Structure formats: structure tokens, C-alpha cells
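Colleague: Starting from these lines, generate the structure:
(one chain, ligands or ions: 1)
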Amino acid sequence: MQSAKDGTLTLQDGTEHGPFDLIIDAAGVTSPLSPLTSRPLPYGAIWGTVDWPETALPITQLSQCYRRADRMIGALPIGKMPNDAAQKAAIFWSLPRDKYDDWLASGLEKWKAEAVGLWPEFAPFATQITAPSQMTMARYSHGTLRKPYGTGLLHIGDAAHRASPQLGQGARRPDALRQVSQVTCRHLSSDERHFHTAISI
Ligand SMILES: Cc1cc2nc3c(=O)[nH]c(=O)nc-3n(C[C@H](O)[C@H](O)[C@H](O)COP(=O)(O)OP(=O)(O)OC[C@H]3O[C@@H](n4cnc5c(N)ncnc54)[C@H](O)[C@@H]3O)c2cc1C
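Modeller: Here you go, the predicted structure:
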């Protein structure tokens, strides 16, 4: 995708598709259709996926541990992979966006000792990390489109609003907006006012 105008979608090779009644832009943070400019956030996090271990932590909810605002550790149950019976966990550790190289340089054992020292319950998660490549650095940005729609175009999810995932709403917003979009589509041809009403919910 390259651009959308008046319900017509232009791909990168220049071919055009449409015109459509409505193009829904759900292409996420790097959407080429969204005019959103966002502000980089000072903190990101390293993330990894491990097996859910024997632990007293509840498998039904996110558990997090903080030290002031500069240390944050989390273990998030994420269910199973296809064809794999093991329950999985996403684990994360906050890092300033420019400190990933320092984390790599200081070594895994030092990090694990600090994390487990702050939160002993994290130990059975941390021991599964045996190579730095198991943890991926994610950097975040923040921004909201004041008007998440144009003629024949609706931006939803991260294409319309970006925030730190540690606020925990990123995955919920696109779902809610997809439902709004369905309502929008049903009313689009009958009365354009419904479109604006639905979008402003
Ligand atoms: C490390 C990390 C952890 C997170 N943890 C949480 C959390 O715990 N809770 C929470 O609520 N949110 C979390 N988030 C945020 C959440 O993932 C996003 O807010 C949410 O996924 C946004 O959904 P979306 O559908 O708008 O975009 P995405 O999920 O990014 O989906 C966009 C889709 O569009 C596709 N796409 C992009 N460009 C094109 C193109 N040109 N052509 C075709 N397809 C394209 C992409 O491949 C992708 O499949 C996390 C984000 C990150 C990075």
C-alpha cells in the first residue's frame, strides 16, 4: 500500500484498486496510509516468550513488579502455540530506548540477578533465557490522530493512536474499533451522518 484517496487505494507498484465505499486502515504503527506523527517515548522494553513455569503467579492475569518508575518487570500469560500443549508467557523488562546496547554488553547473568533480586517470583521465567537473542527490544511512541478518518478512509488501532503497550489498551482498541467499523459500514450508504456518529464514539 502506498496511499488512499477518495476511496481508491494505490499500491506501491502504482496499481489502483477501487473506488471503495470505505477503506479501513488497520496497518498498525507503520501504516503508510496514516498521517499520524508520533512522539518517541523515553522507555521501551525487551520482550521474550518462554514456557509458563511452575509458579504461584496466576496464569489468568498479567503480573508486574516495579521499583519506583525506572524498573518494571512483567510476566503475561499468552496461551498456547498451534500444535504445542505448553502454556506460554511473554516476559518483559523496561529499558530506556537508548540502553539496549548497554544491556547486551553487561551480560545476561547480571540482568537476571538484578531482575530476580527485585522479584524472586520472576526466577523460573528468567532461567529460560539463555541467549540475548531471546529478548527483543521494542521502542514505543505516542500520538493520536485528531481526526481518524477522511473521505472514504478510516484509521483504526495503532494507525490512529499509538501509546506505550504498558498502558495495556493497544490490543483492545482495534477490536472495539473493528466493531464500530462494522456498524459504520452498515450505515455508510444510507446516511453519512451515522459514519461521523460512529467514529466519534
Ligand atoms: C512488544 C509489544 C508488546 C505489547 N503488549 C501489549 C499488551 O500487553 N497489551 C496491549 O493491549 N497492547 C500491547 N501492545 C500493543 C498492541 O500490540 C498494539 O496496540 C496492537 O497490536 C495494535 O493493533 P493493530 O491491529 O492496530 O496493529 P497491528 O497489530 O500492528 O497489525 C497491523 C497489521 O497490518 C499489517 N500491515 C502493515 N503494513 C501493511 C501493508 N503495507 N500491507 C499489508 N499489511 C500490512 C501488519 O503486518 C500487521 O499484521 C504491545 C506492542 C508491542 C510492540
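
Colleague: Counting neighbours, what do you get for the nearest residue to residue 72 once chain neighbours are set aside?
Modeller: Counting by CB to CB, 6 or more residues apart in numbering, residue 72 lies nearest to residue 94, which is 4.1 Å off, once chain neighbours are set aside. C-beta coordinates here come from the backbone N, C-alpha and C atoms, glycine included. By other CB atoms under 10 Å, the residues close to residue 94 number 19.

Colleague: same thing with residue 86?
Modeller: The number of residues packed near residue 86 is 10, by other CB under 10 Å.

Colleague: so which helix or strand takes in the residue nearest to residue 72?
Modeller: Take DSSP states H and E as the rule and residue 94 turns out to sit in strand 87-96.

Colleague: With residue 154 instead?
Modeller: Taking DSSP H and E as the definition, one finds residue 154 inside strand 153-155.

Colleague: what's the pLDDT at residue 149?
Modeller: The per-residue pLDDT reported for residue 149 equals 89.

Colleague: Quick one: residues contacting the residue nearest to residue 151 when sequence neighbours are not counted.
Modeller: The spatial neighbour of residue 151 that comes closest, neighbours along the chain excluded (CB to CB, 6+ apart), is residue 6 at 5.5 Å. Residue 6 sits next to 19, 151, 152 when contact means CB atoms under 8 Å, 6 or more residues apart in numbering.

Colleague: Most neighbours out of the residues you listed, which is it?
Modeller: Ranked by the number of neighbours (other CB under 10 Å), these place residue 152 first, at 19 neighbours.

Colleague: where does the residue lying closest to that one once chain neighbours are set aside fall, phi/psi-wise?
Modeller: Excluding its sequence neighbours, the residue lying closest to residue 152 (CB to CB, 6+ apart) is residue 7, at 3.2 Å. Main-chain dihedrals, residue 7, degrees, to the nearest 10: phi 80, psi 0.

Colleague: Tell me which residues touch residue 7, please.
Modeller: 18, 19, 20, 21, 22, 23, 151, 152, 153.

Colleague: ok so, going back, can you list the buried residues in the strand holding residue 94?
Modeller: 89, 91, 92, 93, 94, 95 (16 or more other CB atoms under 10 Å).

Colleague: quick one: which of these is nearest the ligand?
Modeller: residue 92 (7.1 Å; CB to the nearest ligand atom).

Colleague: tell me the contacts of that closest one?
Modeller: 45, 46, 47, 48, 72, 73, 74, 76.

Colleague: Of those residues, which is the nearest to residue 122?
Modeller: Of all those, residue 122 sits closest to residue 73, with 5.6 Å by CB to CB.
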